[in-house]
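1. 3D model of this:
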Amino acid sequence: MTTALWIALSNIEGMGVKTLKRLYTYFPNLTQTDLYTNIEDIRDTVKNSKLLQKITDDVYLSRKIEDAERQIKLHKSKGIQVIDIASEYYPKLLRFIEDPPVVLYCKGNIELLKDNKKIAIVGTRNPTEMGYKVAMKVSAQFCKREFVIVSGLAIGIDTAGHRGALNINGKTIAVLAGSLDKIYPKENTELANEIINRNGLLISETPLGGRTFRNSFVLRDRIQSGLSLGVCPVQTPLKGGTQHTIKFAQNQERLLFCPEPLESREIEATQGIYYLLDNKLACKIENESDYNKIINNLANKLESLINKNITRNKVTQRSNMTKNVRQNEEVEQLSFFDYNSKLADSRNQQSELDEYILKVINLGKQLDMDSEMILDRFRTLLRNR
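-> So this is what the prediction gives:
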C-alpha cells in the first residue's frame with residue numbers, strides 16, 4: 001500500500017518531486033489516513049490549493065492508488081521490483097538530493113541499493129583507447145576495495161566502468177534513462193543482461209510504458225551522482241553530457257576525482273579533465289597510494305552529508321522517535337570505512353615494500369651480487385637487528 005500511495009501521489013497532475021520530498025521528510029511513514037487526519041500539517045507541506053484538494057479527495061486518490069497497484073503488479077510480472085522513497089531499500093544518499101526520484105524500478109540485486117560504498121564512473125561516449133583502459137582500471141581498483149560502481153550503460157567510458165567491475169567479479173549498478181524493458185543503447189543489451197546475471201543491478205525512474213525524452217538522460221545523471229559518494233569523470237570534452245553529471249556532483253556536494261590524463265591537452269576527450277584538475281575542482285589519482293587518500297576523502301564526505309541531513313531533519317521532522325531512529329541508522333553506516341581504510345593502508349604498504357625490494361635487487365645486480373648473495377645479506381641484517 002505504501003508504494004502504491006507514493007506512486008499515486010507522484011502521478012497527480014501538478015505534483016512535483018520537491019513537494020513529494022517535503023511530504024516524505026515530514027511524513028516518512030505516510031499513509032492514506034494521514035492525508036485526512038493530519039490535514040493542517042499536510043496543508044503546511046503542500047502549499048498549492050489545487051494539489052491539496054486532489055490529495056484529500058478520497059475517491060480521486062483511491063482511484064490513483066488502484067492504478068498504481070496495477071502498475072506494481074505489471075512490473076513484478078516482468079521481474080522488476082518497485083522501490084519507493086520510504087522503503088528500507090531506498091538509497092540513503094539519494095534521499096539527500098534536492099529532487100530524488102520518488103520511485104525506483106529495479107531489476108537485479110536490490111541489496112546493492114543499501115550499500116553507501118558507491119562511486120560513479122562517467123565520461124565521454126568517444127574515449128581514446130587509453131581512456132577506456134584507464135576507466136576499466138579505476139573501476140577495478142575501487143571494486144577491489146569493495147565499492148559498487150555506478151554508471152549509465154552508455155557506449156564508451158560508462159561501458160568501461162561496468163566492464164572493469166565485472167572483469168574482477170565486482171558489483172555494478174547501471175542507471176537507465178528509459179524504462180527497463182527498452183535497453184539503450186541496444187549495443188549494450190548483452191552487457192545489461194550480464195550485469196543482472198552477475199549479481200548487479202539495473203535501475204530507472206521511468207516505469208514500463210513511460211516515454212523517454214531528451215531531458216531524461218540529464219535527469220538520469222542526477223541519479224548517478226545522487227547514488228554515489230563520489231563521481232569520477234575519466235575523459236570528457238569541455239562540453240558534453242558528462243558535464244551534467246559533474247554539475248550535479250558539485251550541487252549535491254559529492255566528491256569529484258579524476259585519473260591524471262596520460263595524453264596531451266590537444267586531445268578533446270582529455271580537455272574537460274585537465275580543466276577540473278587545473279582549477280582544483282577535482283582530486284587527482286596519479287598512483288596507487290592516491291586511492292587510499294580518495295577513500296579517506298569519501299569517508300569524510302559521507303560523514304559530512306549525514307551530519308547535514310541530520311541537522312535538517314531536526315528542524316523538519318515531526319516525530320522525535322523517527323528522528324532518533326533515522327539518525328542512528330545513518331551513523332551506523334560510517335563503520336564501513338574502518339575496514340576499507342585498513343585494507344587500503346595494508347595494500348599501500350605492501351606496494352611500497354615491493355618497490356624497495358626491487359630497488360635492492362637492482363642495486364645488488366650493479367654490485368654483481370646474485371639472488372643468493374642478496375638473500376644472505378638480508379638474513380645477516382635480520383639477525384643483527
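2. for the record, mean pLDDT for the helix or strand residue 293 falls within?
-> Using DSSP states H and E, the element containing residue 293 is helix 289-316. Helix 289-316 shows a mean pLDDT of 84.
3. now that helix: how far from the chain's centre is it?
-> Put simply, helix 289-316 sits 14 Å off its chain's centre (CA atoms, centre = their mean, to the nearest Å).
4. Report the buried residues of that helix.
-> Buried residues in helix 289-316, defined by neighbour count with 16 or more other CB atoms under 10 Å: 290-292, 294-295, 298-299, 301-302, 305-306, 309, 313. Heads up, the C-betas are built off the backbone N, CA and C, glycines and all.
5. swap in stretch 164-180?
-> 164-166, 170-180.
6. what's the helix holding residue 293 packed up against?
-> Packing contacts for helix 289-316, counted by 3 or more CB pairs under 8 Å, 6 or more residues apart in numbering; DSSP states H and E, involve helix 17-26, strand 230-233, strand 255-259, strand 283-285, helix 320-332, helix 336-366.
7. returning to that earlier point: so which of the buried residues of helix 289-316 comes closest to residue 82?
-> residue 309 (24.3 Å; CB to CB).
8. So that closest one is in contact with residue 96, correct?
-> Yes - counting by CB atoms under 8 Å, residue 309 touches residue 96, with 5.3 Å between them.
9. Domains in this structure, by residue range?
-> Here the domain assignment for the chain is 2-77, 110-286, 318-383, based on automatic domain parsing.
10. most packed of those?
-> When you average the neighbours per residue for each of the domains of the chain (mean count of other CB atoms under 10 Å), domain 110-286 leads with a mean of 20.
11. Pass me the low-pLDDT residue ranges in this protein, would you?
-> The model of the chain has pLDDT under 70 over residues 1, 311-352, 354-355, 385.
12. what do you get if the cut-off is 80, keeping everything else the same?
-> Residue ranges of the chain with pLDDT under 80: 1, 310-362, 364-366, 371, 378-385.
13. residues making contact with stretch 95-104?
-> With contacts defined as CB atoms under 8 Å, 6 or more residues apart in numbering, stretch 95-104 is touched by 3, 6-7, 9-10, 17-18, 20-21, 24, 82-85, 90, 94, 113, 203-205, 207, 222-223, 225-226, 251-252, 305, 308-309.
14. quick one, strands of this protein?
-> Under the criterion DSSP state E, the chain contains strands at 81-84, 103-108, 118-122, 148-151, 172-175, 201-204, 230-233, 255-259, 283-285.
15. can you list the domains of the chain in a markdown table and add distance to residue 103?
-> Converted to a markdown table, these look like this (distance: least, CB to CB, whole Å):
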| stretch | distance to residue 103 |
| --- | --- |
| domain 2-77 | 6 |
| domain 110-286 | 7 |
| domain 318-383 | 20 |
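16. quick one: contacts of stretch 185-197?
-> 107-108, 153-155, 159, 162-163, 166, 172, 174, 183, 201-202.
17. now do stretch 213-229
-> 91, 93-94, 96-97, 99-101, 116-120, 122, 150-152, 173, 175-178, 203-206, 231, 241, 244-245, 248-249, 252, 254-255, 298, 301-302, 305.
18. So which residues of the stretch 101-250 of the chain form helices?
-> Counting by DSSP state H, counting those that start in this stretch, the stretch 101-250 of the chain has helices at residues 129-144, 157-166, 189-197, 214-227, 242-251.
19. Among these, single out whichever gets nearest to residue 63.
-> Nearest to residue 63, of the helices of the stretch 101-250 of the chain and by CB to CB, is helix 214-227 at 27.1 Å.
20. just how off-centre is the closest one within its chain?
-> The answer for helix 214-227 is 11 Å, by CA atoms, centre = their mean.
21. what angle sits between that helix and helix 242-251?
-> 40 degrees (axes from the mean of the first three to the mean of the last three CA atoms, to 10 degrees).
22. what's the angle from helix 214-227 to strand 103-108?
-> Going by the same axes, to 10 degrees, helix 214-227 makes 80 degrees with strand 103-108.
23. Measure how helix 214-227 sits relative to strand 255-259, angle-wise.
-> Using the same axes, to 10 degrees, helix 214-227 lies at 100 degrees relative to strand 255-259.
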